[in-house]
Every structure is written in C-alpha cells, then in structure tokens.
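Trainee: got a structure for you, letters missing:
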C-alpha cells in the first residue's frame, strides 16, 4: 500500500508525552510553551511520491517541508533548525530521521497520527481530518 492518501487538512486533537519529548530534544522554553496543546493545522499535498507538508501555528507562524520519498531534501524542525533528510515510506508510514529524533506519520482511521522518538521517549500527536 505504497500510495496512502495523506493529502488533506488536519487539526491537532491531542498528544502524549509532549513535555518529556521536548526536554529530550532540547527545545527552547518559549517554543515549548508555544507548542503545548497548540491547535496546529497540518496541511498535506501529495502528488505520487512528492509531498508538501505544511504546519500552520496559531499566530501566523508556518513551517513547510517539501520532499520526495526516497530522495534527500532540505527540511526544518519544529524548533526551526534546517537539516537534510531522506524521507522513506515503510509499511504505509512516512519515516524521516530528524537530527535528534525519528519521526513517523500515518493515516489511521481517518486521523493523522505522528510519532516522534528520541532516546526512548515517544511523543505521539493525533490530528483529525478537517478537509
């Protein structure tokens, strides 16, 4: 199932282990507060293996990552750091290795489920489809 339908617009619904995770990756405290229970809207445009992944934060801040499955791309973390990563597709999940965590995303029961893992701390964010 290599062509899972990620395309759509998703609104933050809930998360688990946020505080432990952001401490682990060393997110600055102002960013920690900004991201807590943040009604992030994630917009995904998909054209085959080409993705544009945009996160709209309250207050007008937006982060966009554009990538092609299997090719190295310039990416940006939630803390604003720039890096290069090769995004893969494994078992219908999008998998990216960020500088200090591994991030996966999948569509599960119509929801966007994102999991980031850093040194054994697992952060899970669930967003519901709104468009």
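Mentor: Everything's here; your move. All values derive from a computational prediction rather than experimental measurement.

Trainee: what does stretch 11-18 rub up against?
Mentor: 35-42, 111, 121-128, 130 (Cβ atoms under 8 Å, 6 or more residues apart in numbering). In this view, the C-beta of every residue, glycine as well, is placed from N, C-alpha and C.

Trainee: how far is that stretch from where the chain is centred?
Mentor: 12 Å (Cα atoms, centre = their mean, to the nearest Å).

Trainee: in that stretch, what's buried?
Mentor: With burial defined by 16 or more other Cβ atoms under 10 Å, the residues of stretch 11-18 counted as buried are 12, 15, 17-18.

Trainee: These: which two are farthest apart?
Mentor: Greatest spacing in the buried residues of stretch 11-18, by Cβ to Cβ: 12 and 17 (14.9 Å).

Trainee: Just the buried positions in the lowest-mean-pLDDT helix or strand in the chain, please.
Mentor: The weakest-scoring helix or strand in the chain, judged by mean pLDDT, DSSP states H and E, is helix 29-35 (a mean of 81). For helix 29-35, a neighbour-count test (16+ other Cβ under 10 Å) marks residue 35 as buried.

Trainee: Could you export the buried residues of stretch 11-18 as TSV, including secondary structure and pLDDT?
Mentor: Shown next, in TSV, are the buried residues of stretch 11-18 (DSSP: H, G, I helix; E, B strand; the rest coil; pLDDT from 0 to 100):
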residue	secondary structure	pLDDT
12	strand	95
15	strand	95
17	coil	95
18	helix	94
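
Trainee: quick one, helices of the chain?
Mentor: Under the criterion DSSP state H, the chain contains helices at 18-24, 29-35.

Trainee: Okay, and the beta partners of the residue nearest to the spatial centre of the chain?
Mentor: Closest residue to the average C-alpha location of the chain: residue 114 at 5.9 Å, with Cα atoms, centre = their mean. According to DSSP bridges, the partner residues bridging residue 114 are residue 105, residue 125.
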